[in-house]
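Visitor: Have a look; sequence and predicted model below, questions after that.
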Amino acid sequence: MTMKEQYTADEWNLLRNAVFWVFYFIAEVDGRVDRQEIDALLSVFQGGLGLSNALAREVVADISLDVDGAIKTFESVKRSAPMGLKDVADLLVVKSDPETARAFSQTMVFLGTMFARASDNVLGETKNTRISQQEQMAIIIVAAILRLD
């Protein structure tokens, strides 16, 4: 049984949308989404990150089967990132064991940190690995909404 089979179609889309809510919440904090941030998002769907959480790995793999379709599905949802992520946290409490829920949430924060650092990369070279205060606050908010300490 795959993890996807444990969720309804709407619940699974909610989990898929978590990746996009985290991305836009972090990437838009400075008022714009730049090419490096988009490239970081797309790189998530190309694999190779070695995500340790099985649920997050399956969600990302599922998105990678049809990234454009996943983006269209996400864009059709009229829910703010904080409300969407709150719904994700609520779903995880009900449908996942505590370890899976925590690890999925940690993976979302990891991805958020990766997105925040993306603008510092130019042709694979890091010019500054610092994350802005705005991005740090956005990451903390994501973690809090997802009920991480």
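Guide: Noted; the coordinates are in hand.

Visitor: Just to be sure, Lys78 is in a helix?
Guide: No: counting by DSSP: H, G, I helix; E, B strand; the rest coil, Lys78 is not part of a helix but coil.

Visitor: So in this structure, where's the weakest helix or strand by average pLDDT?
Guide: Every helix and strand of the chain was ranked by mean pLDDT, DSSP states H and E. The lowest is strand 121-122, at a mean of 44.

Visitor: could you give the mean pLDDT of the strand or helix carrying Lys86?
Guide: Per DSSP states H and E, Lys86 falls inside helix 81-95. What helix 81-95 shows for mean pLDDT is 97.

Visitor: and what of stretch 108-119?
Guide: On average, stretch 108-119 scores 92.

Visitor: rewinding a little: mind listing what's buried in the helix holding Lys86?
Guide: For helix 81-95, burial by neighbour count (16 or more other C-beta atoms under 10 Å) applies to 81, 84-89, 91-92, 95. All C-beta spots, glycine's among them, are computed from the backbone N, C-alpha and C.
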